[in-house]
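# sequence and predicted structure are below.
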Amino acid sequence: MPAVILDACVTLNLYASGQFLPILSTLPHAWHLPVAVEREAQYYRQPAPDDPQRLVVVPLDLRPAFAAGLLQRCDCESAAETALYVDLASQLGDDGESLGLAIAKCRGWTVLTDDKKARRIARELGVDTRDTTQILRQWSDTAVPSPETVRIALEEIERFANFRPTSALTHTDWWFRVLQGPRED
């Protein structure tokens, strides 16, 4: 099962979809979360209990994913990983992405990130990357949830994680087609 490291933004996106556990459990990957990403990915937005139009910040609860064995913590385990992490942190200025890239490079894992600079550096390092649109498309194709479920997941990512894919990501056209699809109102 291929190992995939999540960065903070993608963790927030997947969590905000309302399908975090189904996505992790459906796709054939060993999911890993760097400890630095866990420190960064603390909150996302949800409707206020008293006014669904107003969004409030609430904590992420990743405990169910860890408890179910769907998500594993990872950290530097060698001097090579630590040295590369320090070097990448000076280039990226982000602990989570730097730690994830260092681990992925040294262990031959994939990094799940939407960040343009992190994706460029990953290419330079020879690290395979995936993005939010790829993972959502893969989940949709594999789990075959209803079109309405997929549409709602994408809408919730846009609203609660404040993410909208750019043309640089793999399945942006698919994303927007799903959002334009028929609605079951």
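Here it is on my side, so go on.
# quick one, helices of this structure?
8-16, 20-26, 35-40, 63-67, 79-92, 95-107, 116-125, 132-143, 147-160, 172-180 (DSSP state H).
# flag every buried residue along the shortest one.
The neighbour-count criterion (16 or more other CB atoms under 10 Å) identifies residue 65 as the buried residues of helix 63-67. Where you see a C-beta, it was placed from the backbone N, CA and C, and this is true even at glycine.
# which neighbouring elements make contact with it?
helix 20-26, strand 71-74 (3 or more CB pairs under 8 Å, 6 or more residues apart in numbering; DSSP states H and E).
# touching the strand ranked longest in the chain from outside, list them.
In the chain, assigned by DSSP state E, the strand with the most residues is strand 51-59. With contact meaning CB atoms under 8 Å, 6 or more residues apart in numbering, strand 51-59 is reached by 42-48, 159-160.
# output the below-cut-off pLDDT ranges for this protein.
Residue ranges of the chain with pLDDT under 70: 182-185.
# for the helices and strands packed on helix 63-67, give me a markdown table that also has distance to residue 89 and mean neighbour count.
Listed next are the helices and strands packed on helix 63-67 as a markdown table, based on distance: least, CB to CB, whole Å; neighbours: other CB atoms under 10 Å:
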| stretch | distance to residue 89 | mean neighbour count |
| --- | --- | --- |
| helix 20-26 | 27 | 18 |
| strand 71-74 | 16 | 18 |
